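>>> Any chance you can model this:
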Amino acid sequence: MTQPWCKELNTFIHENNSTINSICSNRSIPCKDGRMNCHEGEVRITECRNIGKTMPPCSYKATASTRNVTIACDENHKGALVPVHFDR
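Below you'll find the predicted structure:
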């Protein structure tokens, strides 16, 4: 929203913090970078795809769905696993 062009895709996750945090309790899987601190879970999302304009005002088509996501989790200062990065 701060650039002078229209972004091709915007993804919005519709989950509360506890739902996203709970993904960190799922089994560890490899991240794209090879580290083993990623976890997979399902979330509700809305994808907004650009429908042709390259300059603002931008126009998007929204599609709601659920999607499997992979997030990286690390220990916080209390030793709990918390999300730190959206991997894919």
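>>> which stretches of this structure aren't confidently modelled?
1-2 (pLDDT under 70).
>>> the helices in it, which residues?
Assigned helices in the chain, in chain order: 17-22 (criterion: DSSP state H).
>>> any chance you could map the strands in it?
Under the criterion DSSP state E, strands of the chain are mapped to 9-13, 28-29, 38-50, 60-75, 81-86.
>>> Which of those strands sits closest to Asn21?
strand 81-86 (6.2 Å; Cβ to Cβ). Glycine gets a C-beta too; all of them are placed from N, C-alpha and C.
>>> returning to what we had before: of all the strands of the chain, which one is nearest Ile20?
For the strands of the chain, the distance to Ile20 is smallest for strand 81-86, at 5.7 Å, taking Cβ to Cβ.
>>> Which residues does the closest one contact?
20-21, 23-25, 69-76 (Cβ atoms under 8 Å, 6 or more residues apart in numbering).
>>> Same check on stretch 50-59?
By Cβ under 8 Å, 6+ apart, the list of residues contacting stretch 50-59 reads Pro4, Trp5, Cys6, Lys7, Glu8, Leu9, Tyr60, Lys61.
>>> For it, measure first residue to last.
Taking Cα to Cα, to the nearest Å, the first and last residues of stretch 50-59 lie 6 Å apart.
>>> for it, which positions count as buried?
Across stretch 50-59, burial judged by 16 or more other Cβ atoms under 10 Å covers Asn50, Cys58.
>>> Then stretch 37-53?
By neighbour count on 16+ other Cβ under 10 Å, the buried set for stretch 37-53 is Asn37, Cys38, His39, Gly41, Val43, Ile45, Cys48, Asn50.
>>> Tell me how far it lies from the chain's centre.
6 Å (Cα atoms, centre = their mean, to the nearest Å).
>>> you'd agree Thr46 is up against Ala62?
Yes - with contact defined as Cβ atoms under 8 Å, Thr46 counts as touching Ala62 (5.4 Å).
>>> pretty sure Ala72 is in contact with Arg35, am I right?
Yes - counting by Cβ under 8 Å, Ala72 touches Arg35, with 7.1 Å between them.
>>> Find the residues that touch each one of those two.
Joint contacts of Ala72 and Arg35 (Cβ under 8 Å, 6+ apart) do not exist.
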